[in-house]
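[1] Okay, structure incoming, though there's no sequence with it:
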């Protein structure tokens, strides 16, 4: 059984993901192509980045964990 802290975090993550889907699901093509606050990224790029984070193990996000990182 998961610890209470882990259960709380899991619940909050599910809520956050559901809210993100709700926010993005009705965007039209123009909104998906809108520049985000990160000027080089569109809304679509940010959404893809968020989705990818859930598919990556935490150790894969640590620079240098699996060897040198190209600069």
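    Looks like it arrived, so ask away. All figures in this text were calculated on a predicted structure; none of them were measured in a lab.
[2] after the host helix or strand of residue 30 comes which helix or strand?
    In this assignment (DSSP states H and E), residue 30 forms part of helix 29-32. Scanning forward in sequence from helix 29-32 by DSSP H and E, the next helix or strand is helix 43-53.
[3] mind listing what residue 20 touches?
    Shown in contact with residue 20 (C-beta atoms under 8 Å, 6 or more residues apart in numbering): 47, 50. The way it works is simple: take the backbone N, C-alpha and C, and place the C-beta from them, glycine included.
[4] Can you tell me how far it is from residue 10?
    According to C-beta to C-beta, to the nearest Å, residue 20 stands 16 Å off from residue 10.
[5] Residue 29 too?
    Between residue 29 and residue 10 the computed distance is 34 Å (C-beta to C-beta).
[6] Specify which residue of the two has the higher count of neighbours.
    residue 10 (11 against 7; other C-beta atoms under 10 Å).
[7] Can I take it that the more buried one is in a helix?
    Yes. Under DSSP: H, G, I helix; E, B strand; the rest coil, residue 10 falls within a helix.
[8] packing partners for the helix holding residue 30?
    helix 43-53 (3 or more C-beta pairs under 8 Å, 6 or more residues apart in numbering; DSSP states H and E).
[9] which strands and helices sit next to the helix it packs on?
    Helix 43-53 is packed against helix 4-24, helix 29-32, with contacts defined by 3+ C-beta pairs under 8 Å, 6+ apart.
[10] Next one: residue 58, what pLDDT does it get?
    Note for residue 58: predicted pLDDT of 58.
[11] So which of the helices and strands packed on helix 43-53 is nearest residue 41?
    Closest approach to residue 41 among the helices and strands packed on helix 43-53 (C-beta to C-beta): helix 29-32, 11.7 Å.
[12] and the closest one, what's its mean pLDDT?
    97.
[13] which residues touch that helix?
    42-44, 47.
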